[in-house]
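1. just coords:
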């Protein structure tokens with residue numbers, strides 16, 4: 001069983017007891033969150049597709065921690081002139 005859910009403008013494939021890394025959500029660590037934008041549910045080869053979302057479907061989760069991603073260094077080379 002899995003579902004495709006829209007979280008903060010991105011789509012994720014989620015299953016039961018799965019941990020996913022998403023952009024920072026509003027709330028504190030340990031808070032429970034609910035996602036109501038469920039786009040697809042596959043339950044034992046029974047696929048239900050929403051137009052655009054499935055009414056009444058809800059995914060519940062919990063914020064484990066807020067963390068920062070890796071630092072990206074940007075370097076622009078400029079040629080010497082003169």
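-> The structure has been received and is ready for your questions. Since the model is a prediction, treat every value here as computed from it, not as a measurement.

2. how about the strands of this structure, start to end?
-> Assigned strands in the chain, in chain order: 2-7, 10-14, 32-35, 38-42, 47-49, 59-62 (criterion: DSSP state E).

3. Residue 22 contacts residue 10, doesn't it?
-> Yes - using C-beta atoms under 8 Å, residue 22 makes contact with residue 10 at a distance of 6.9 Å. In this view, the C-beta of every residue, glycine as well, is placed from N, C-alpha and C.

4. And these two? Which one has more around it.
-> Shown here are residue 22 and residue 10; by other C-beta atoms under 10 Å, residue 22 has more neighbours (14 against 10).

5. quick revisit: ok, which of the strands of the chain comes nearest residue 78?
-> strand 10-14 (35.1 Å; C-beta to C-beta).

6. which other helices and strands contact that closest one?
-> Here strand 10-14 touches strand 2-7, going by 3 or more C-beta pairs under 8 Å, 6 or more residues apart in numbering; DSSP states H and E.

7. what's the strand it packs on in contact with?
-> For strand 2-7, the external contacting residues (C-beta atoms under 8 Å, 6 or more residues apart in numbering) are 11-15, 20, 22, 25, 35, 37-42, 53, 57, 59.
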